[in-house]
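Visitor: Curious how this folds, go ahead:
(2 chains)
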Number of protein chains: 2
Amino acid sequence: MQAEIITIGDEILIGQIVDTNSAWMGTLLNENGIKVYQITSVSDNRQHILNALKEASERADIILITGGLGPTRDDITKHTLCEYFNAKLRLDKDILVDVTNIFKKFGREVTEINRKQAEVPENCIPLHNYNGTAPGMWFEEKGKIYVSMPGVPFEMKALMAEEVIPRLKKKFTLPFIMHKNVLTQGIGESALAEKISSWEDSLAIENITLAYLPSPSLVRLRLSTRGTDANKMQDSINRKVAELKKIAGDYIYGYDNDTMESVVGALLLKRKETISTAESCTGGYIAHRITSIAGSSDYFKGAIISYANEIKTKELGVSEEILKEHGAVSQPVVEQMAKTARERLNTDYSIAVSGIAGPGGGTPEKPVGTVWIAIATPQRVFSKRWIFAGNRERNILVTGLTALNMLRKELLSNS
Amino acid sequence: MQAEIITIGDEILIGQIVDTNSAWMGTLLNENGIKVYQITSVSDNRQHILNALKEASERADIILITGGLGPTRDDITKHTLCEYFNAKLRLDKDILVDVTNIFKKFGREVTEINRKQAEVPENCIPLHNYNGTAPGMWFEEKGKIYVSMPGVPFEMKALMAEEVIPRLKKKFTLPFIMHKNVLTQGIGESALAEKISSWEDSLAIENITLAYLPSPSLVRLRLSTRGTDANKMQDSINRKVAELKKIAGDYIYGYDNDTMESVVGALLLKRKETISTAESCTGGYIAHRITSIAGSSDYFKGAIISYANEIKTKELGVSEEILKEHGAVSQPVVEQMAKTARERLNTDYSIAVSGIAGPGGGTPEKPVGTVWIAIATPQRVFSKRWIFAGNRERNILVTGLTALNMLRKELLSNS
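Guide: So this is what the prediction gives:
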């Protein structure tokens, strides 16, 4: 079963809004066994919309259309659908009740222009939209299904979940689709691909496909399969993930919707242990990521951000001699930062970082991207030097991920 | 001059990633006088890519393609372009140097699979990508231009800005398009629209159009005009911006590529003054934003993140009595935090925040989104209570922007 999505609106083409609707619809359709073949964004132009409808109907069974249903003149989707299906508009009394109710909510009268929102092409089944004035519209013609929905995300989402998906499920017998995301850190896409090459080859027999989804310092591996026997599919995925863990387990930090900070947070919560940070080049970014998780106050107590050397000395016990001898980006400095932060902030663990985020500050011995990361634990303080090769933003990001992953591994090795 | 964008990748169709590239490219092309006619997202499938290329070339003059250029097996764009243009791959020595340099940076050897990244179709001009291993590729055939770029946003953005747009400008005579972005904080889109309604009406005579681009707590107003007389256009824009400043100047914090932290940073730098933060609910986010600016070490010295009350007491001089009497989210607490941080971290100014980011922790008196923000200056400490109405992520974001804007206004009132 194949679908296509057509999003209508000049604001998408000039980049004024990012089309988040399509990704949301794609996820929902996929979870329900419907493959999205193509997404097409077109302008508020009659002929362009007609062409897009015709082309999509030649490739797909289901055509989902969003946008262009407002009451103003530049919204022409409804009239264009009439032209496409050679149908007239009719006033739908049920929909008029919906529209009237929406206006009542805001204490307003229904104007003539808004009454028109209750007019629908005579060949469609109108779908109730309780969040706005434009109804959804369901068309069936020549074995194809067309659904037109408003572009406002929360209106579209309610229509998709409450009307469109249930109707599609009634209409078609859909296969199961299953995805599993394996999240890795600290290995590049191509090095990972080489490492797991023969495992990857073995996926075909199980009818599993693999995608590499890289972002700075992370690679997400997505395993996908479709079929009719959900149990068997789940078994295959589980078996293959178990095999992968044996080959590349060192790099795997989580699955599906996990984030590095959610994984670290869950570990600390389970162990009833606490964390603090002492940050120089990341300037609070690591603390920010940790506290982006709801409930992080159960394990995160605080941080000392020592951007200036003066603060490293005054607040983190780094002596001026050590700074002079080794420089701020050095092992003794970062280890002292971690040690002092752990003690002063009274936590079980502390992460400390000191590095050169760039663009300035690099030297031949310590180029931009050089970062020392230390972890203080109840037992010891250890550290490692990294050289990241990004711009400022990326170096800060990758330092944060790497530091959290160092702590994660330490927690696991001590469990 | 019409362009089309083709984004390649199953991950877009199954909704795993939101296609933000297209909106970014649409904006940039538009600013340079090139209209985007259609955006098409297709799967990592040979025939599908071939069809999309052919169809786009029938409608547009310029076809911009992103995605599918990784070194792994599911990335087939390069081979498909060879098939489309009936061209062979050749190893490009300059690009091989780029690839080798990228690996050198990481202290790694170039593997066979990575060497292949330097192979390009023989009929293309390779474009240097200094941020990744896949080069951009520029093709000209039958009067049409095709450009293939990686899907990784920061790689694509650098290629677009440094290679593609300059080459398109050389190739075509594009009309002058002029934009001016006026950045506001602290007023909603509709309230702003009402406030500037008659000013907005007056734009048409000057051939200026206006767009409202809202994001949490910010509204960007984009004035656009196109024509042939750049001086006259610039005059019109300047005059209208001056008028706007009189009407809504209180809300304007910057222009064009300014960010709240760049504006605050520039002010501090000019005044040779320094800043620190004391953060509770934002957990380091404000320090992170300040230090995202290159050169911020000239004015940012550090921060104390006091997530736990214990840290507020121990490190920021907030007495247990005050905490007990007023709660952590209160005026006396946040003012003490700002005062102590300013003194301890030895800075001219300090920003302190304490609030309830959510989802937990709210009460009827202090609902989720309640935030106290204090600013300590050489002269005084002042504070204000805000109630933001977002989820956790949004409350942290808006608190950061609001706090920085409070400091910005204080700096300006004292200049």
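Visitor: which residues touch whichever helix or strand residue A:155 is part of?
Guide: Assigned by DSSP states H and E, residue A:155 falls within helix A:153-159. If you take C-beta atoms under 8 Å, 6 or more residues apart in numbering or on different chains as the criterion, helix A:153-159 is touched by A:20-21, A:24-25, A:66, A:127, A:129-132, A:134, A:136, A:149-150. C-beta: built from backbone N, CA, C; applies to glycine.
Visitor: Would you indicate which residues of it are buried?
Guide: Residues A:155, A:156, A:157, A:158, A:159 are the ones in helix A:153-159 that count as buried (16 or more other C-beta atoms under 10 Å in any protein chain shown).
Visitor: roughly how far out does it sit from the chain middle?
Guide: 19 Å (C-alpha atoms, centre = their mean, to the nearest Å).
Visitor: just stretch A:36-47 next, same as before
Guide: Here stretch A:36-47 is found 24 Å from its chain centre; the criterion is C-alpha atoms, centre = their mean.
Visitor: again, but for stretch A:364-384
Guide: Centroid displacement of stretch A:364-384 relative to its chain, using C-alpha atoms, centre = their mean, is 30 Å.
Visitor: Straight-line length of stretch A:190-209, end to end?
Guide: Distance across stretch A:190-209, first residue to last, is 17 Å (C-alpha to C-alpha, to the nearest Å).
Visitor: what's next to it, contact-wise?
Guide: Contacts for stretch A:190-209 (C-beta under 8 Å, 6+ apart): A:184, A:187, A:210, A:212, A:219, A:221, A:223-227, A:236-237, A:239-240, A:243-244, A:247-248, A:251, B:70-74, B:108, B:111, B:113-114, B:133.
Visitor: quick one, longest helix in chain A?
Guide: When chain A is parsed with DSSP state H, its longest helix is helix A:392-413.
Visitor: per-residue confidence averaged over that helix?
Guide: Model confidence over helix A:392-413, given as mean pLDDT, is 97.
Visitor: Point to the residue nearest the middle of chain A.
Guide: Nearest to the mean C-alpha position of chain A, by C-alpha atoms, centre = their mean, lies residue A:257 at 8.3 Å.
Visitor: which one is it nearest to, not counting chain neighbours?
Guide: With C-beta to C-beta, 6 or more residues apart in numbering or on different chains as the criterion, residue A:257 has its nearest non-adjacent residue at 8.0 Å, and that residue is residue A:181.
Visitor: How about residue A:253?
Guide: residue A:185 (5.2 Å).
Visitor: quick one on the thing from earlier: just the CA coordinates for the helix holding residue A:155, please, in CSV.
Guide: What follows is helix A:153-159, C-alpha atoms only, in CSV (Å, rounded to 0.1, in the frame of the first residue of the first chain):
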residue,chain,number,x,y,z
PRO,A,153,-0.4,21.0,12.5
PHE,A,154,-2.7,20.3,15.4
GLU,A,155,-5.8,20.3,13.2
MET,A,156,-4.1,17.9,10.7
LYS,A,157,-2.9,15.6,13.5
ALA,A,158,-6.3,15.2,15.0
LEU,A,159,-7.9,14.4,11.6
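Visitor: domain ranges for chain A?
Guide: Listed domain ranges for chain A are A:2-171, A:176-255, A:260-413 (source: automatic domain parsing).
Visitor: Three-state assignment for the residue nearest to the centre of chain A, please.
Guide: Here residue A:257 is recorded as coil under DSSP: H, G, I helix; E, B strand; the rest coil.
Visitor: thinking again about what came up before, just checking, which of the contacts of stretch A:190-209 belong to strands?
Guide: Of the positions in the contacts of stretch A:190-209, A:184, A:210, A:212, A:219, A:221, A:223, A:224, A:225, A:226, A:227 sit in strands, assigned by DSSP state E.
Visitor: buried stuff in the lowest-mean-pLDDT helix or strand in chain A?
Guide: In chain A, the helix or strand scored least confidently by mean pLDDT, DSSP states H and E is helix A:112-115, which has a mean of 81. Residues of helix A:112-115 classed as buried by neighbour count (16+ other C-beta under 10 Å): residue A:114.
Visitor: Mind giving me the packing neighbours of that helix?
Guide: If contacts are counted by 3 or more C-beta pairs under 8 Å, 6 or more residues apart in numbering or on different chains; DSSP states H and E, helix A:112-115 sits against helix A:93-105.
Visitor: give me the subset of the ones in strands among the contacts of stretch A:190-209 touching chain B.
Guide: A:210, A:212, A:224 (C-beta under 8 Å from any C-beta of the partner chain).
Visitor: Take these and write them to TSV, including neighbour count, distance to residue A:99 and pLDDT.
Guide: Shown next, in TSV, are those (neighbours: other C-beta atoms under 10 Å in any protein chain shown; distance: C-beta to C-beta, whole Å; pLDDT from 0 to 100):
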residue	neighbour count	distance to residue A:99	pLDDT
A:210	20	48	92
A:212	22	48	88
A:224	20	42	91
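Visitor: Identify, from those residues, the entry nearest to residue B:168.
Guide: Using C-beta to C-beta, residue A:212 comes nearest to residue B:168 of these, at 31.1 Å.
Visitor: And the closest one, how far from residue A:390?
Guide: Residue A:212 sits 19 Å away from residue A:390, going by C-beta to C-beta, to the nearest Å.
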